[in-house]
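Asker: quick one, what's the 3D model for this:
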Amino acid sequence: MPDGQPLQIREVMLPDVEATFRIYAAHWRTVAQGWEYPLHAHPLFEINLLMEGRQTMEVSGRTYVQEPGDLLLLKPEDLHESRSSGAGNMTYYCIHFDTDERALRELLCRDGQRYFSGDSPLACAIRPSLDKLIDLTSEDAAGKLETKMRTLSAMFELFAALTGSLSERENSRLTHTRAARIAERIAAELERAVEDAANGVNSSEERTADTVAAVTAGLGYSMSACTRIFQRVYGISPRGYLSRLKLKKAKLLLMQPELSVDSVSRLLGYGDIAHFSRQFKRWTGEAPGKFRGKYHI
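Answerer: Numbers count the residues shown, from 1 in each chain. Below you'll find the predicted structure:
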């Protein structure tokens, strides 16, 4: 190579990815005519795809009638109830999920539409990944590691298809509202608070309520107003979002073999290991030592 000529011509890198997803109670079910599911709500997103028959679902006071191929995309805390309203049996596929990927949460919560016909762009975009998940939902596959990995793969395809379809729907509308900007600022400050604590920038113990109050103090709105704005944009409260950030960071730190549980508790801003252990057990149902024991002997 001639002197002075660079050896590296070009480099393109994927962005770093650090996100948590939860898939809960994914199932298909066949029911008889007249079957009903009572009014309820839950803190998760839900996709409900009708495969055969007819389903009538009430969502937050509105009535939707699904034919085969139609789907409903429900938001956290949507009050809903359903019934089989056709002449014969009804089969549907339902999947509940959650994510701390806030750009995806914003897209999902921002779009007010619940019902999508089978020939709609969104239904067509996500149906291939839903079909993969339906195929994986069988008694023979349950519990197998391969099934778990294939399920994760299909879910990421689903998230990608949802993101692309919802983004296209938003392109024709002004979406970056003042409320969205306020919520983004709150989320960014909460994320920075957790990272600063983990990096030793601020190691003092601070209650979740105090952290949220400090973050919202300079925005010109009361904390209750900021909470409502944040909930509307992301489908979760600032306190709930902060708890999820702390839990994700706690898990990542506990997976580092050079850090003791006591070190992790101090990096997350807890005054003592007992307080951290109690909080981690409330989040996960197990002690931090038991969690890290899954990864390190």
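Asker: where's the spatially closest residue to Phe276 that is not a sequence neighbour, which helix or strand?
Answerer: Distances taken as Cβ to Cβ, 6 or more residues apart in numbering place Ser265 nearest to Phe276, at 3.4 Å, with adjacent residues excluded. Heads up, the C-betas are built off the backbone N, CA and C, glycines and all. Per DSSP states H and E, Ser265 falls inside helix 261-267.
Asker: next one: the following helix or strand past that helix to chain centre, how far?
Answerer: The first helix or strand that comes after helix 261-267 along the chain, using DSSP H and E, is helix 273-284. The chain centroid and the centroid of helix 273-284 are separated by 22 Å under Cα atoms, centre = their mean, to the nearest Å.
Asker: before we move on, what about stretch 119-137?
Answerer: Relative to the centre of its chain, stretch 119-137 is centred 18 Å away, using Cα atoms, centre = their mean.
Asker: so which residue is dead centre in this protein?
Answerer: Centroid-nearest residue in the chain: Thr99, 1.5 Å away (criterion: Cα atoms, centre = their mean).
Asker: so that one makes contact with Phe21?
Answerer: Yes. Counting by Cβ atoms under 8 Å, Thr99 touches Phe21, with 4.8 Å between them.
Asker: common neighbours of the two, please.
Answerer: Phe159 (Cβ atoms under 8 Å, 6 or more residues apart in numbering).
Asker: point out where the stretch 1-150 of the chain drops to low pLDDT.
Answerer: Along the stretch 1-150 of the chain, segments meeting pLDDT under 70 span 1-6, 139, 141-143.
Asker: please repeat the previous calculation with a cut-off of 90.
Answerer: 1-26, 43, 98-113, 136-148 (pLDDT under 90).
Asker: that one: helices as residue ranges?
Answerer: 102-110, 121-136, 145-170 (DSSP state H, counting those that start in this stretch).
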